[in-house]
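Engineer: coords please:
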Amino acid sequence: MLGILAELRKLPRETEWAEFKHNRAEPDEIGEYLSALANAAALAGKVSAWLVWGLDDDTHEVIGTTFDPASVKVGNEELESWLLHLLSPKINFRFRVVRAEGGTVVLLEIGSAFHHPVQFKGTEFIRVGSYKKKLKDFPEKERELWRVFDLTPFEREVAAEDTAAEEVLRLLDYPAYFDLLSLPLPAGRDGILSALQADDLIAPGKAGRWNITQLGAVLFAKRLTDFRALTRKAVRVVLYKGESRVETVREQEGSKGYAAGFEGLIGLVTNLLPSNEVIGQALRKQVPMFPELAIRELVANAIIHQDFHLTGTGPMVEIFAGRMEITNPGLPLVQTDRFLDSPPRSRNEALASFMRRIGVCEERGSGVDKVVMQTERYQLPAPLFETTGEHTRAVLFAYREFREMDKADRIRACYLHACLRYVQRDFLTNASLRERFAVEEKNKAAVSRYIREAVEARMIRPVNEDAARKMMKYVPFWA
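Structural biologist: Numbering: from 1, shown residues only. Now for the predicted structure:
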């Protein structure tokens with residue numbers, strides 16, 4: 001922090017993204033500055049803005065401050081919590097206290113606005129020079145701000161700006177980059193930096209320094225916590241006892257970027273999974289509860305399709321005695337019941353593209369067809385895809401006998417089987433569903449009842465209602 005303080009003191013004057021104060025710290029005024037400085041940082045292309053107490057306004061000398069953010073309360077609520085509740089959308093900000101020669105200095109680091117202008121108590125503010133103004137009074141700045149939001153995808157935002165070359169190589173796991181792409185490691189630093197720049201993992205900064213992009217950080221960070229906006233984006237894996245979240249057996253959070261750490265993450269998940277005993281012709285063997293390919297696809301989807309602009313939350317894998325839930329921040333761009341057949345749409349196309357290049361995820365589509373195919377191959381209940389508030393969740397279920405499945409399970413299985421057959425230019429039939437669940441032909445009447453349940457639920461429909469019963473074929477409701 002002393003280094004950042006020294007850089008801020010070198011500024012010739014207050015800027016639109018830096019404000020200096022002595023002691024004045026009214027909570028409402030701080031909230032308005034949070035909005036104004038976050039929006040101004042976005043306009044200036046800065047990762048962060050700064051509100052600093054304890055500096056002389058004119059000379060920038062350290063004069064110390066009596067302001068102590070940790071001791072301030074608004075009503076019965078701590079200042080930081082109170083401010084967060086009144087900001088929309090939520091942004092990252094953090095108070096830091098520095099003991100400097102000349103007195104105590106408090107720095108408020110404010111994350112740049114993204115997607116939408118930041119409001120405080122329903123009002124958007126902006127900096128005009130060194131003055132705080134209402135954004136609505138400056139329509140040209142509002143238009144420019146929206147242009148910035150429209151033109152800058154998350155991956156091209158800056159995670160660390162004006163970084164020395166040696167610091168770039170310290171922060172990023174560059175050997176993993178060359179290893180995953182099967183490229184030889186260049187002999188010199190310039191060759192390494194040039195390759196990283198070619199893939200937009202870094203970009204030239206000022207005076208020979210570099211900006212690490214969010215794409216570079218989220219893929220190849222040695223520690224995601226080194227990048228403020230990514231501290232909560234590590235994948236969390238939780239193993240519970242039984243079927244509820246009451247008792248946690250083990251919890252582990254990843255630390256590396258997604259590309260560098262993906263294989264380790266999948267290894268951790270598969271090692272935590274319970275196994276089922278399968279009796280073969282003469283052997284008993286333990287097999288994982290869920291097929292690894294399905295796990296890989298769903299974890300990759302959670303990483304790729306998350307909304308990085310939802311703060312304070314990241315992808316999560318939860319393992320229970322009889323199911324696994326994989327959750328990511330952000331609502332899907334397509335309806336959950338169309339995951340299997342819809343053309344690919346991704347919030348984070350550069351991230352998805354790179355993950356495809358290293359073979360982590362599907363070249364086309366979401367990989368959900370692979371997941372459904374794997375669950376059918378292992379005769380597992382059909383996976384469930386759902387939304388909860390601001391999140392998307394995929395659920396894999398452990399093996400159950402077909403007769404043990406409830407009506408919702410059977411309807412979902414019929415529907416996804418029909419979807420899978422349809423994208424393969426085929427149809428759901430009594431025979432295909434019997435094969436999917438390894439049901440003997442003598443029980444085809446029961447399978448017909450289950451197909452009828454799905455028809456009545458309007459999840460599938462007959463191709464020709466007048467066909468003979470033995471010739472009936474079915475497609476998804478949307479086909």
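Engineer: three-state assignment of Asn271?
Structural biologist: What DSSP: H, G, I helix; E, B strand; the rest coil gives for Asn271 is helix.
Engineer: quickly list the domain ranges of this protein.
Structural biologist: 2-152, 158-223, 236-399, 406-476 (automatic domain parsing).
Engineer: can you redo the ones you listed as a markdown table with mean neighbour count?
Structural biologist: Backbone N, C-alpha and C define where each C-beta goes, glycine included. What follows is these, written out as a markdown table (neighbours: other CB atoms under 10 Å):
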| stretch | mean neighbour count |
| --- | --- |
| domain 2-152 | 17 |
| domain 158-223 | 18 |
| domain 236-399 | 18 |
| domain 406-476 | 16 |
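Engineer: need those in TSV (columns: distance to Ala229 and mean pLDDT).
Structural biologist: As requested, those are arranged in TSV below (distance: least, CB to CB, whole Å; pLDDT from 0 to 100):
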stretch	distance to Ala229	mean pLDDT
domain 2-152	6	89
domain 158-223	6	94
domain 236-399	8	88
domain 406-476	36	92
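Engineer: Leu420 should be in a helix, yeah?
Structural biologist: Yes - secondary structure of Leu420, determined by three-state DSSP: located in a helix.
Engineer: isn't it right up against Glu376?
Structural biologist: Yes - look at Leu420 against Glu376 with CB atoms under 8 Å: they come within range, at 7.1 Å.
Engineer: just to revisit the earlier point, pipe the domains of the chain into TSV and attach distance to Leu230 per row.
Structural biologist: As requested, these are exported to TSV (distance: least, CB to CB, whole Å):
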stretch	distance to Leu230
domain 2-152	10
domain 158-223	6
domain 236-399	8
domain 406-476	34
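Engineer: SS state for the closest residue to Leu433 other than its chain neighbours?
Structural biologist: Nearest-residue entry for Leu433: Val447, 5.4 Å, with adjacent residues in sequence omitted and distances by CB to CB, 6 or more residues apart in numbering. On the three-state scheme (three-state DSSP), Val447 is labelled helix.
Engineer: now do Ala203
Structural biologist: Secondary structure, three-state DSSP: Ala203 is strand.
Engineer: how much space between it and Ala176?
Structural biologist: Per CB to CB, to the nearest Å, Ala203 is found 20 Å from Ala176.
Engineer: next up, the contacts around Lys90.
Structural biologist: If a contact means CB atoms under 8 Å, 6 or more residues apart in numbering, then Lys90 has Leu84, Thr311, Gly312 as its contacts.
Engineer: let's see it at 7 Å
Structural biologist: Applying CB atoms under 7 Å, 6 or more residues apart in numbering, one finds that Lys90 lies in contact with Leu84, Thr311.
Engineer: His309 too?
Structural biologist: Counting by CB under 7 Å, 6+ apart, His309 touches Phe114, His115, Phe154.
Engineer: need phi/psi at Val455.
Structural biologist: Torsion angles at Val455 (phi, psi; degrees, to the nearest 10) stand at phi -70, psi -40.
Engineer: quick one: Gly389 from Thr311, how far?
Structural biologist: Gly389 sits 14 Å away from Thr311 when distances are taken as CB to CB.
Engineer: quick one: list the elements packing against the helix or strand harbouring Phe262.
Structural biologist: Assigned by DSSP states H and E, Phe262 belongs to helix 258-272. Here helix 258-272 is seen to pack against helix 174-180, helix 214-220, strand 236-240, helix 292-304 when contacts are counted using 3 or more CB pairs under 7 Å, 6 or more residues apart in numbering; DSSP states H and E.
Engineer: rebuild these as a markdown table, extending it with distance to Arg13.
Structural biologist: Output for the helices and strands packed on helix 258-272, formatted as a markdown table (distance: least, CB to CB, whole Å):
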| stretch | distance to Arg13 |
| --- | --- |
| helix 174-180 | 38 |
| helix 214-220 | 30 |
| strand 236-240 | 44 |
| helix 292-304 | 43 |
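Engineer: closest one to Thr163 among the ones you listed?
Structural biologist: Put simply, out of those the one that sits nearest Thr163 is helix 214-220, at 10.5 Å, with distance taken as CB to CB.
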